[in-house]
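1. The following comprises the amino acid sequence and a computationally predicted model.
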Amino acid sequence: ILNVEQSPQSLHVQEGDSTNFTCSFPSSNFYALHWYRWETAKSPEALFVMTLNGDEKKKGRISATLNTKEGYSYLYIKGSQPEDSATYLCAFPPGKSTFGDGTTLTVKP
Amino acid sequence: SAVISQKPSRDICQRGTSLTIQCQVDSQVTMMFWYRQQPGQSLTLIATANQGSEATYESGFVIDKFPISRPNLTFSTLTVSNMSPEDSSIYLCSVKGGSGGGEQYFGPGTRLTVT
């Protein structure tokens, strides 16, 4: 059983704050790492597919980095907005992806 | 990308009854995945549904409890049988994207409460 851990479990920030959270995964036999955003009452939505050590990907104010040697990925949100409030999941493929428990972000206006 | 719809979006059911959840995809896919998220826990894979063959269940999940149908390449159903309060969860179906990155697309989920 693969161990994919996310921290913190939850995070409350003020609008405009920047924040980051972590996904840890087994560093051996790395294939890819996926980040998803899951807003309440909506479908989980793929944010990033990270495949190479040192990868940095960006979508608007959200970016992610990857360190496959030490087995972690960071997700950063710059200038958080209330619409960023969601649960952020990482998943470790291949095949049947193993999901972390998620980090639930609440951004207060 | 894939657009996935699920029915029902939510339901409240009594202990001992069964509920069938439908999943429709807007394109033909070989594999469809069924997940659940129990309160406070991560997404857990229940089974993989392949068209034309029996579903493959993960450890801890059995066909008698979660029978799956996959009559064609765009549709699948998951039945939660003989429900108990422990089955209260969000159930999601999912398919893999075709970009090669392996990312998944999810339906909006079925929020089930068993009383």
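-> Sure, I can see it.
2. Could you tell me which residues make contact with the residue lying farthest from the centre of chain A?
-> Most distant residue from the mean C-alpha position of chain A: residue A:109, 22.2 Å away (CA atoms, centre = their mean). Listed by CB atoms under 8 Å, 6 or more residues apart in numbering or on different chains, the contact partners of residue A:109 are A:15, A:82. Every C-beta, even on glycine, is put in place using the N, C-alpha and C of the backbone.
3. before we move on, what about residue A:35?
-> By CB under 8 Å, 6+ apart, residue A:35 lies in contact with A:23, A:46, A:47, A:48, A:50, A:64, A:73, A:75, A:88, A:89, A:90, A:91.
4. Try it again at 6 Å.
-> With contacts defined as CB atoms under 6 Å, 6 or more residues apart in numbering or on different chains, the neighbours of residue A:35 are A:47, A:48, A:64, A:75, A:90.
5. Now, these that are in strands?
-> Using DSSP state E, A:47, A:48, A:64, A:75, A:90 are the members of those that sit in strands.
6. Pull out the buried members of those residues.
-> For the ones in strands among the contacts of residue A:35, a burial check counting by 16 or more other CB atoms under 10 Å in any protein chain shown picks out A:47, A:48, A:64, A:75, A:90.
7. Across the sheet, point out what pairs with residue 106.
-> Since no chain was named, I'll use chain A. Counting by DSSP bridges, residue A:106 is bridged to residue A:12.
8. Correction: the question concerned chain B.
-> Those that pair with residue B:106 in a beta bridge, by DSSP bridges, are residue B:94.
9. number of nearby residues for it?
-> 23 (other CB atoms under 10 Å in any protein chain shown).
10. Over to residue B:67?
-> With other CB under 10 Å as criterion, residue B:67 counts 16.
11. Ok, residue B:60 next?
-> Applying other CB under 10 Å, we find 8 residues neighbouring residue B:60.
12. what's the distance between it and residue A:36?
-> 23 Å (CB to CB, to the nearest Å).
13. in the chain, which spans are strands?
-> Picking chain A for this. A:5-7, A:10-14, A:19-24, A:33-38, A:45-50, A:56-59, A:62-67, A:72-77, A:86-92, A:98-99, A:103-108.
14. You answered for a different chain; I wanted chain B.
-> Going by DSSP E, chain B shows strands at B:4-7, B:10-13, B:19-25, B:31-37, B:44-50, B:56-57, B:68-72, B:75-80, B:89-96, B:104-106, B:110-114.
15. closest to residue A:12 out of those?
-> Nearest to residue A:12, of all these, is strand B:31-37, at 21.4 Å by CB to CB.
16. Confidence-wise, which helix or strand of chain A is lowest on average?
-> strand A:98-99 (a mean of 86; mean pLDDT, DSSP states H and E).
17. Now tell me what touches that strand from outside.
-> Under CB under 6 Å, 6+ apart, the answer for strand A:98-99 is A:2, A:4, A:89, A:91, A:92, B:42, B:43.
18. Low-confidence ranges, chain B, go.
-> Along chain B, the parts satisfying pLDDT under 70 run over B:98-101.
19. Could you rerun that using 90?
-> Flagging of chain B using pLDDT under 90 yields the residue ranges B:1-2, B:30, B:39-43, B:50-54, B:96-104.
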